[in-house]
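Participant: Let me see the structure of the following:
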Amino acid sequence: MTRRFAKRAAKWNGIAVRCGGKPLDDARVQAAYAAHAARQASIRRANDRFAGCKPVTAVAKSLGMRRDDLFSWLQREDWLRRGEDGWRATGRALDGEWVVMRGAGAVSWPQITAVGFQELARRLGVSRDADSAA
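Facilitator: Below is the predicted model of the structure:
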């Protein structure tokens, strides 16, 4: 249990005693904390649109390709384009949910999604069981 949660539990116990109620026992506080932590983890997972995304370099390694060759292929297939500010995902790749842009503003970079990895493997004729955990 975090210190912050423990302080909140102590505060609520104090309020309960002042109002004539009985304080929460430790088991109930621990159960409340576990439920809270599970809810927060669930919310983080649901909101993490980058879960399962990998850098292009890691995807190239997983597919047994050179990094430069994969970037060339992605550019040829209109997944990425090279601009003066670096590589950017195209609208086609973003709409297909094959690529996402990580980072904020001027400092952003493309990453391949899990769906994009499977599409790459299919188009390149590589086994779908390729090491997608790289």
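Participant: how about the helices of this structure, start to end?
Facilitator: Along the chain, counting by DSSP state H, helices occupy 3-18, 26-47, 56-63, 67-76, 91-95, 114-124.
Participant: For G83, find the nearest of these.
Facilitator: helix 67-76 (11.2 Å; Cβ to Cβ). The C-beta positions use only the backbone N, C-alpha and C, and glycine is treated the same way.
Participant: give the contact list for the residue most central in space within the chain.
Facilitator: Closest to where the C-alpha atoms of the chain average out (Cα atoms, centre = their mean) is A51, at 2.5 Å. Contact partners of A51, counting by Cβ atoms under 8 Å, 6 or more residues apart in numbering, are R45.
Participant: how close does it sit to R44?
Facilitator: 9 Å (Cβ to Cβ, to the nearest Å).
Participant: So the chain: which segments form each domain?
Facilitator: For the chain, automatic domain parsing gives the domain ranges 3-47, 54-124.
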